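K.L.:
structural data only, the sequence is not supplied:
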DNA sequence: AACTTAACTGACCGATGGTCAATTATATAG
DNA sequence: CTATATAATTGACCATCGGTCAGTTAAGTT
């Protein structure tokens, strides 16, 4: 068995630092799942991580830098799960539904993805931004390969589909990020509007359209 | 000529209150155009509007309530402009390009639309939310009518297209909301990634796909 | 045991959105 | 014209936020 890494009071070695970072990020994900992005406070996170606030800023430059790391982690985790569901041949519909279901099952990925460009990326260092973009590129490629097999498309078509559906996924779930309209205090016309954007049917419908369009655009690569 | 509405010190009549609200909202739009959403401060807005901070809260319940009103105003304004560009017969491509160009020309609409569900709607009163959704319904219908003529589609198809392209627009312009990467300090692979999501080609390409798909889905209404 | 290094702490800072008792402009009544 | 009532306006004030940094001290080195 491997040597267990422990931290007495101070994280001195690189391994110990990685462990401490990991502890903070795990606490952050749990806390984030409870309160969401806006109510997430660094002081609270410090308490829940068992360290002082200043310590968190030794491991993450800013609040957004922390969220960027959390995003990378959840993206990578989801992509492995999604790929695990892809068999050697599936329909566009099943593909789209699986993509949607697995992404929504992860409570962290979409809330961060939706805030990525216009909030998170605006307060991180450029090297973090580059690292994050490279994680994205890498995961797109990773997913494109089994996508190519499952949907019987070229590699280029598969990449196009993964990128496009990734963007579409964000919009399809926007309505789920709206306020919880628990009781039915909304008038019928407004309820119908919200229902018409109900994210899964909306996403699947348009995903199929796009997949089939790309499939027929056989000779479109310059 | 109509009687000019003026406010000496206090807005007493309904007309005067409407005028004061208008003055604040106009100042807000200018200020918003200068600093964007996150840096927008209510104290600064008060100074620029020539009233005290407390006064603003007499006219808008919260910061988000103010932004919701600004969103409604910019949505309505844009829809009239967009409709003005629709002639009795245009191609899918021109339609998509016009929609994109007019929406981007408005500096207020997209930055607010992108934050609508997951930020703005979470801190407004339910009656404001309902009013806002109804403005949306109304503008979709208003746009759908000339869309139906221009693209030679049924009314139902036109509504479907307007709603879907609206969502697509948000996703496509997400990349424009990222940090300004002025100088070319980004490595090539990352630059290529960002370029591949360049918003106008991305939007137009997928908009055409969706329009043409909907066009061929002739008998899909349940 | 003495010294050095650097991980860690938390009081502190400026700024934020939002509140409300006090103020006072203005319409109305006498 | 004056007195009174009403309500629009104000800005000091509050809790809380993300972020900082001088000081503390755990732990490796000599």
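P.N.:
Arrived safely. This structure is a prediction, so every number in the text was calculated from the model and none was measured.

K.L.:
could you use CA atoms for every contact and neighbour count after this?
P.N.:
Will do.

K.L.:
what's the closest non-adjacent residue to the spatially most central residue of chain A?
P.N.:
By C-alpha atoms, centre = their mean, chain A has its centre lying nearest to residue A:109, at 2.6 Å. Spatial nearest neighbour of residue A:109, excluding adjacent residues (C-alpha to C-alpha, 6 or more residues apart in numbering or on different chains): residue A:74 at 5.4 Å.

K.L.:
the one you found: what's it in contact with?
P.N.:
Applying C-alpha atoms under 8 Å, 6 or more residues apart in numbering or on different chains to residue A:74 gives the contacts A:106, A:108-109.

K.L.:
any idea which element it lies in?
P.N.:
Using DSSP states H and E, the element containing residue A:74 is helix A:63-84.

K.L.:
just residue A:150 next, same as before
P.N.:
helix A:126-151.

K.L.:
what is that helix packed up against?
P.N.:
Helix A:126-151 sits against helix A:63-84, helix A:155-172, helix B:188-196, with contacts defined as 3 or more C-alpha pairs under 8 Å, 6 or more residues apart in numbering or on different chains; DSSP states H and E.

K.L.:
the helix or strand containing residue A:215 - what's its average pLDDT?
P.N.:
If you go by DSSP H and E, residue A:215 is part of helix A:199-216. Across helix A:199-216, pLDDT averages out at 93.

K.L.:
now swap in stretch A:35-51 and tell me
P.N.:
97.

K.L.:
which residues sit against that stretch?
P.N.:
Counting by C-alpha under 8 Å, 6+ apart, A:23-24, A:27-28, A:31-32, A:52-53, A:56, A:63, A:111-112 sit against stretch A:35-51.

K.L.:
tell me the one of the residues you listed nearest DNA strand C?
P.N.:
residue A:52 (3.8 Å; C-alpha to the nearest atom of the strand).

K.L.:
what residues are up against that closest one?
P.N.:
Taking C-alpha under 8 Å, 6+ apart, one finds residue A:46 in contact with residue A:52.

K.L.:
residue A:65 too?
P.N.:
A:120, A:123-125, A:128.

K.L.:
now the helix or strand bottoming out on mean pLDDT in chain A: how far from the chain's centre is it?
P.N.:
Ranking every helix and strand in chain A by mean pLDDT, DSSP states H and E puts helix A:188-196 at the bottom, with a mean of 89. The chain centroid and the centroid of helix A:188-196 are separated by 27 Å under C-alpha atoms, centre = their mean, to the nearest Å.

K.L.:
list the buried residues for it?
P.N.:
residue A:190 (16 or more other C-alpha atoms under 10 Å in any protein chain shown).

K.L.:
now stretch A:200-211
P.N.:
So for stretch A:200-211, counting by 16+ other C-alpha under 10 Å, buried means A:200, A:202-204, A:206-211.

K.L.:
what's it in contact with?
P.N.:
Taking C-alpha under 8 Å, 6+ apart as the rule, stretch A:200-211 contacts A:92-93, A:96-97, A:100, A:161, A:165, A:168-169, A:172-173, A:196, B:206, B:209-210, B:213.

K.L.:
if I look at residue A:154, how far off is DNA strand C?
P.N.:
Going from residue A:154 to DNA strand C by C-alpha to the nearest atom of the strand, to the nearest Å gives 48 Å.

K.L.:
which strand or helix spans residue A:4?
P.N.:
With DSSP H and E as the test, residue A:4 turns up in no helix or strand.

K.L.:
re the thing from before, of all the contacts of residue A:65, which comes closest to residue B:17?
P.N.:
Using C-alpha to C-alpha, residue A:120 is the member of the contacts of residue A:65 that sits closest to residue B:17, with 38.1 Å.

K.L.:
what's the nearest residue to that closest one if we skip its chain neighbours?
P.N.:
residue A:64 is the one closest to residue A:120 (C-alpha to C-alpha, 6+ apart), at 5.0 Å.

K.L.:
what residues does the one you found make contact with?
P.N.:
When contacts are counted by C-alpha under 8 Å, 6+ apart, residue A:64 touches A:119-121, A:123-124.

K.L.:
same check on residue A:108?
P.N.:
Applying C-alpha under 8 Å, 6+ apart, the residues contacting residue A:108 are A:29, A:32-33, A:70-71, A:74.

K.L.:
tabulate the residues you listed (JSON lines), appending distance to residue A:155.
P.N.:
What follows is the contacts of residue A:108, written out as JSON lines (distance: C-alpha to C-alpha, whole Å):
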{"residue": "A:29", "distance to residue A:155": "34"}
{"residue": "A:32", "distance to residue A:155": "36"}
{"residue": "A:33", "distance to residue A:155": "35"}
{"residue": "A:70", "distance to residue A:155": "29"}
{"residue": "A:71", "distance to residue A:155": "26"}
{"residue": "A:74", "distance to residue A:155": "25"}
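
K.L.:
which of the residues you listed count as buried?
P.N.:
A:29, A:32, A:70-71, A:74.

K.L.:
residue A:139: neighbour count?
P.N.:
Residue A:139: 19 surrounding residues under other C-alpha atoms under 10 Å in any protein chain shown.

K.L.:
repeat that for residue A:180.
P.N.:
Residue A:180, neighbours per other C-alpha under 10 Å, totals 8.

K.L.:
helix or strand for it, which one?
P.N.:
Per DSSP H and E, there is no helix or strand for residue A:180.

K.L.:
per the annotation, how does chain A divide into domains?
P.N.:
A:1-59, A:62-216 (automatic domain parsing).

K.L.:
reformat these as TSV; add distance to residue B:10.
P.N.:
Below are those laid out as TSV (distance: least, C-alpha to C-alpha, whole Å):
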stretch	distance to residue B:10
domain A:1-59	36
domain A:62-216	35
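
K.L.:
comparing the ones you listed, which comes out most buried?
P.N.:
domain A:62-216 (a mean of 18; mean count of other C-alpha atoms under 10 Å in any protein chain shown).

K.L.:
about what we covered before: redo the buried ones among the contacts of residue A:108 as TSV? Include pLDDT.
P.N.:
Output for the buried ones among the contacts of residue A:108, formatted as TSV (pLDDT from 0 to 100):
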residue	pLDDT
A:29	98
A:32	98
A:70	98
A:71	98
A:74	98
